[in-house]
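Enquirer: need a 3D model of the sequence below.
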Amino acid sequence: MSGPVEVSVVLPAYNEEATLRKTVTVTLDRLAAFLPDESYEVIVAEDGCEDRTPEIADELAAEYDTVRHIHSDERLGRGGALEFAFREADGETLVYFDTDLATDMRHLEELVESIRTHGYDVATGSRWLPDSAADRPAKRGIPSLAYNRLVRFFLRSDVRDHQCGFKAFDREALLALVDDVDDDHWFWDTEVLVRAQRAGYRVKEFPVDWTPRGDSKVDIIRDVFGMGSQILRTWWQLSVDPRITRTTSLAAGTLLIVVALALMTVYLDPQSVLDAITGADPVIVGVSALVYLLSWPLRGSRYQHILDRLGYPSDRWFMTGAVFISQTGNLVFPARLGDGVRAYVVKARRGVPYPTGLASLAVERVFDLLAITILAGSVLVGLVLTDGTAEIAAAIAADIGTVSIGGETVDPAAAAQTALRVAAAVGAAAIVAVAVIVFNARRETDLIRPTIATLSSDAYADSVASVLEQFVGDIQTIVSERGAFLRVGGGSLVIWTLDVATAIVVFAAFGIDITLSLTAVAFFAVSVGNLAKVLPLSPGGIGLYEGAFTLIVVGLTTSPALTATTALAISVVDHAVKNVVTIVGGIVSMAWLNVSLTTAVEQSRDIEAEAEAQD
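Expert: Numbers count the residues shown, from 1 in each chain. As a prediction, the model looks like this:
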């Protein structure tokens, strides 16, 4: 080719030996019909194929001067292969479409000229515009429609069809966008379109005639887990994360607490809540503080064992102090800045590099998650085995009454008990899953990828497998030594049990009879309350914990003594006891270790950047 290339058409190809030659010749014929000779090129982006696609692509490149073959030894994913090819392309107008030619090629000129001569930055065909002609069977049409509506709702997109494989881009606009695009597979199209609209680029969507080629089936990994999680991830990145600054987090948290207090005055009598709090037995409340205090040396010991396995031995009491300081930081500052504080403390006082400090926190979180899963599953299974579901089922059904479906009367309590039994079965399965994960982490043989392969044949499963392998890798850091695993895993179970036990003692301080079902409810209330605190809206999750705790307790108990007023009072005292123990321990630890919390927070701001630089 001697003339300048204006248009580059990329054909993403993975195992396309049956269709590639026809697709390339049809593409060349269509381009020649409206573009000057030598002003275009066709690039076969061959993505780690396992058939004869690479050989055919080489033959086509040798046969046509306008055809290029870009090969990848490893799977880059659909989006990754496109992005790599676009960067290697010479044209200012970048085009791609699926090699099955499902979109009628008579639309190719409109697609190309929308960018080349009409000044659009992005152009895409659409199967969901009124003038589109798309023969979509229900098994493909319904999931596609649902997906596009979710994208439009969550990501505020004006495009109706994000996944039509028929798109063109202005080179400068696309290269400015792709650095921020995280997905490298099926969600790539959607993310580019959404980010283009957010950045103010001109996007054209036009109707096309489309005929399905081959068979399509729902893939549990790609369609359910993959695409759904990518929508949530992009929503968080575009709509939430930019707004989570220290100032806005504190303001939002303060506003949330004010609103909660205002609503409480409407639905609850604040004086009644205060009276309930002051009526609690102070001796038993003091006992709850002692119970919670018992968990802190265990936290320090667990963190000591984690760092020891990572090659940085230390002593239990120093680590207990470091954990106290970091958790105090999480109480005082929003957005869980205390996690960075801990990484700073162990580096400043014990020379632990930031990457190792952050990795140790990840391992700790993994074992917290495993402990919660095991405890939750055990509680559910225990309720069913001891016939302890009746009271909870009655609470769930109390305000529903009888329900008629199809002329048949359904007993809500019986239905609730069935649901709890199903939940118990899920809990048992979760326990088994944890056992399998731990077993896999103790073996050199990788069971994750083969297992996922039985659920999904899509390449997106590779990225899911990579995430799970990292998860298992964190566990493997500990389980490779039986003693370390028992100390860290067993310690996590005891820590969370003591957290729940603290709440149960507070229930007793209010004169509430402790039953098996109440113990189960307490576990769920504490767990959900702590999960609510993950949202960085207020320091220490104040207000979030109490709200979640109260809703769970009121919703899952039938005891006349556990009114909304009493449940809220219990949640306030439970959270206050834990926060007071944490703050007192943090102050003592800061004095002992000579650590300034404000200085630690300031120093921790750049920890992630430094960690990445050292990796």
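
Enquirer: ok, residues contacting stretch 121-135?
Expert: Identification of contacts with stretch 121-135 by CB atoms under 8 Å, 6 or more residues apart in numbering yields 103, 107, 110-111, 114-115, 136, 144-145, 148, 159-162, 164, 166-170, 173-174, 192-193, 196, 201-212. Yep, even glycine has a C-beta here, placed from its N, CA and C like the rest.

Enquirer: of these, keep whichever come out buried.
Expert: Listed as buried from those are 103, 107, 110-111, 114-115, 136, 144, 148, 159-162, 164, 166-170, 173-174, 192-193, 196, 201-210, 212; burial here means 16 or more other CB atoms under 10 Å.

Enquirer: strands - which of the contacts of stretch 121-135 land there?
Expert: Among the contacts of stretch 121-135, the residues falling in strands (DSSP state E) are 166-170, 203-207, 209-210.

Enquirer: look up how far residue 102 lies from residue 49.
Expert: Distance, residue 49 to residue 102, by CB to CB, to the nearest Å: 20 Å.

Enquirer: off-centre distance for the strand or helix carrying residue 581?
Expert: Using DSSP states H and E, residue 581 falls within helix 564-593. Offset of helix 564-593 from its chain centre (CA atoms, centre = their mean, to the nearest Å): 29 Å.

Enquirer: what are the buried residues along that helix?
Expert: In helix 564-593, counting by 16+ other CB under 10 Å, buried: 564-579, 581-583, 585-586, 589-590.

Enquirer: do stretch 118-127 as well
Expert: Neighbour count says stretch 118-127 has 120-127 buried, by 16+ other CB under 10 Å.

Enquirer: same question, stretch 311-328
Expert: Across stretch 311-328, burial judged by 16+ other CB under 10 Å covers 312, 314, 316, 318-328.

Enquirer: same check on stretch 344-351?
Expert: Residues 344-347, 350 are the ones in stretch 344-351 that count as buried (16+ other CB under 10 Å).

Enquirer: adding pLDDT, write the residues you listed out as TSV.
Expert: Below are those laid out as TSV (pLDDT from 0 to 100):
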residue	pLDDT
344	81
345	84
346	85
347	84
350	86
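
Enquirer: of those residues, which belong to strands?
Expert: Per DSSP E, the buried residues of stretch 344-351 never map to strands.

Enquirer: centre of the chain to the longest helix belonging to the chain, how far?
Expert: Taking DSSP state H as the criterion, the chain has its longest helix at helix 354-385. How far helix 354-385 lies from its chain's middle: 16 Å, per CA atoms, centre = their mean.

Enquirer: mind giving me the packing neighbours of it?
Expert: Contacts defined by 3 or more CB pairs under 8 Å, 6 or more residues apart in numbering; DSSP states H and E place helix 354-385 against helix 282-309, helix 338-350, helix 412-441, helix 460-479, helix 482-509, helix 516-532, helix 607-614.

Enquirer: what is the nearest of the buried residues of stretch 344-351 to residue 65?
Expert: Using CB to CB, residue 347 is the member of the buried residues of stretch 344-351 that sits closest to residue 65, with 58.6 Å.

Enquirer: quick one: pLDDT of residue 458?
Expert: Here the pLDDT value assigned to residue 458 is 58.

Enquirer: then stretch 549-557 to PDB, C-alphas only?
Expert: Output in PDB follows, covering the C-alpha atoms of stretch 549-557 (Å, rounded to 0.1, in the frame of the first residue of the first chain):
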ATOM      1  CA  PHE A 549     -29.200  -3.700  63.400                       C
ATOM      2  CA  THR A 550     -32.600  -2.300  64.400                       C
ATOM      3  CA  LEU A 551     -34.300  -3.400  61.200                       C
ATOM      4  CA  ILE A 552     -33.000  -6.900  61.400                       C
ATOM      5  CA  VAL A 553     -33.900  -7.400  65.100                       C
ATOM      6  CA  VAL A 554     -37.400  -5.900  64.700                       C
ATOM      7  CA  GLY A 555     -38.100  -7.800  61.500                       C
ATOM      8  CA  LEU A 556     -37.000 -11.200  62.700                       C
ATOM      9  CA  THR A 557     -38.300 -11.400  66.300                       C
END
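
Enquirer: returning to what we had before: as TSV, the buried residues of stretch 311-328 with pLDDT, distance to residue 363 and secondary structure would be great.
Expert: Shown next, in TSV, are those (pLDDT from 0 to 100; distance: CB to CB, whole Å; DSSP: H, G, I helix; E, B strand; the rest coil):
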residue	pLDDT	distance to residue 363	secondary structure
312	86	13	coil
314	85	15	coil
316	89	17	helix
318	92	18	helix
319	92	13	helix
320	93	17	helix
321	92	19	helix
322	90	15	helix
323	91	14	helix
324	91	19	helix
325	88	19	helix
326	86	15	helix
327	86	17	helix
328	84	22	helix
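
Enquirer: of these, closest to residue 339?
Expert: residue 326 (6.4 Å).

Enquirer: contact partners for that closest one?
Expert: The contact partners of residue 326, by CB under 8 Å, 6+ apart, come to 338-339, 341-342, 345.

Enquirer: next one: residue 511
Expert: Counting by CB under 8 Å, 6+ apart, residue 511 touches 281, 561.

Enquirer: ok, 10 Å please
Expert: By CB atoms under 10 Å, 6 or more residues apart in numbering, residue 511 lies in contact with 279-281, 284, 561, 566.

Enquirer: which one of the residues you listed is nearest to residue 359?
Expert: Distance to residue 359, by CB to CB, is smallest for residue 284 among those, at 40.4 Å.

Enquirer: confidence score at the residue lying closest to the closest one once chain neighbours are set aside?
Expert: In space, and not counting its chain neighbours, residue 284 is closest to residue 509: 3.8 Å by CB to CB, 6 or more residues apart in numbering. pLDDT, residue 509: 96.

Enquirer: again, but for residue 308
Expert: 86.

Enquirer: okay, it and residue 315: tell me how far apart.
Expert: Distance from residue 308 to residue 315, counting by CB to CB: 10 Å.

Enquirer: equivalent analysis for residue 207, please.
Expert: Going from residue 207 to residue 315 by CB to CB gives 70 Å.

Enquirer: quick one: average confidence on the helix or strand hosting residue 27?
Expert: Applying DSSP H and E as the criterion places residue 27 in helix 20-32. For helix 20-32, mean pLDDT rounds to 94.

Enquirer: which other helices and strands contact it?
Expert: strand 7-13, strand 40-47, helix 53-63, strand 67-72, strand 93-97, helix 108-116 (3 or more CB pairs under 10 Å, 6 or more residues apart in numbering; DSSP states H and E).

Enquirer: can you add distance to residue 548 and mean pLDDT and give these back as a markdown table?
Expert: Formatted as a markdown table, these follow (distance: least, CB to CB, whole Å; pLDDT from 0 to 100):
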| stretch | distance to residue 548 | mean pLDDT |
| --- | --- | --- |
| strand 7-13 | 45 | 92 |
| strand 40-47 | 45 | 90 |
| helix 53-63 | 53 | 91 |
| strand 67-72 | 47 | 88 |
| strand 93-97 | 46 | 95 |
| helix 108-116 | 50 | 95 |
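
Enquirer: turn these into JSON lines, including distance to residue 27.
Expert: JSON lines is the format used below for those (distance: least, CB to CB, whole Å):
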{"stretch": "strand 7-13", "distance to residue 27": "6"}
{"stretch": "strand 40-47", "distance to residue 27": "6"}
{"stretch": "helix 53-63", "distance to residue 27": "11"}
{"stretch": "strand 67-72", "distance to residue 27": "9"}
{"stretch": "strand 93-97", "distance to residue 27": "8"}
{"stretch": "helix 108-116", "distance to residue 27": "8"}
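
Enquirer: re the thing from before, any idea how far the helix holding residue 27 is from the middle of the chain?
Expert: Here helix 20-32 is found 41 Å from its chain centre; the criterion is CA atoms, centre = their mean.

Enquirer: what comes up buried for it?
Expert: Neighbour counts over helix 20-32 (16+ other CB under 10 Å) mark 20, 23-24, 27-28, 30-31 as buried.

Enquirer: need those in CSV with distance to residue 275, can you?
Expert: Formatted as CSV, the buried residues of helix 20-32 follow (distance: CB to CB, whole Å):
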residue, distance to residue 275
20, 78
23, 77
24, 81
27, 78
28, 83
30, 80
31, 81
